[in-house]
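**Student:** quick one, structure for this:
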Amino acid sequence: MNDSGNLPTPVKVGGGAAGLVAVGGAGWFLRDGGWIFFSVLLVLLLLLLVGWLSWRAWSRRKKNKQLSGQLSQHSSAAPKGISDPAKRAKLDALRQRFQQGITEYRSRGKDLYKLP
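**Tutor:** Below is the predicted model of the structure:
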């Protein structure tokens with residue numbers, strides 16, 4: 001199921017359109033109650049799609065939160081191998097710049113987990 005995220009957008013749209021045509025064709029063959037069948041099925045499919053997209057967004061937020069926690073935890077730990085005060089000061093400056101970059105990235109509405 002996760003492999004579909006790697007497909008190009010036109011392929012995804014084409015697959016969705018083909019699915020709708022197939023469902024419409026099935027409804028057309030049931031001519032007496034075809035439109036009722038098609039309408040009910042379309043509503044159910046839309047509800048399923050909304051539920052899946054909501055679950056996917058929730059999952060991404062959860063993973064982003066985990067990644068952010070791990071990044072902040074590892075960036076705040078002091079390495080034991082560095083005892084020179086100048087090197088520690090340089091490392092602290094790098095950590096602060098990294099944290100500023102993450103804060104700026106988030107302030108623009110970006111998600112760390114979506115990075116390549």
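
**Student:** C-alpha from now on. contacts and neighbour counts both.
**Tutor:** Will do.

**Student:** so, low pLDDT: which residues of the protein?
**Tutor:** Within the chain, the ranges that satisfy pLDDT under 70 run 1-5, 27, 29-35, 72-79, 112-116.

**Student:** spatially central residue for it, please.
**Tutor:** The central residue of the chain, meaning the one whose C-alpha is nearest the mean C-alpha position (Cα atoms, centre = their mean), is R60 at 4.4 Å.

**Student:** sec struct for that one, please.
**Tutor:** When the structure is reduced to helix, strand and coil (DSSP: H, G, I helix; E, B strand; the rest coil), R60 reads as helix.

**Student:** quick one: it from E104, how far?
**Tutor:** If you measure R60 against E104 using Cα to Cα, to the nearest Å, the figure is 19 Å.

**Student:** ok, now V43?
**Tutor:** Between V43 and E104 the distance, using Cα to Cα, works out to 41 Å.

**Student:** list the buried residues in stretch 59-70.
**Tutor:** Judged by neighbour count (16 or more other Cα atoms under 10 Å), stretch 59-70 contains these buried residues: R60, K63, N64, S68.

**Student:** after the helix or strand that contains W55 comes which helix or strand?
**Tutor:** Following DSSP states H and E, the helix or strand that holds W55 is helix 34-76. Beyond helix 34-76 in the direction of the C-terminus, DSSP H and E gives the next helix or strand as helix 85-107.

**Student:** list the buried ones in that following helix?
**Tutor:** L91, Q99, I102.
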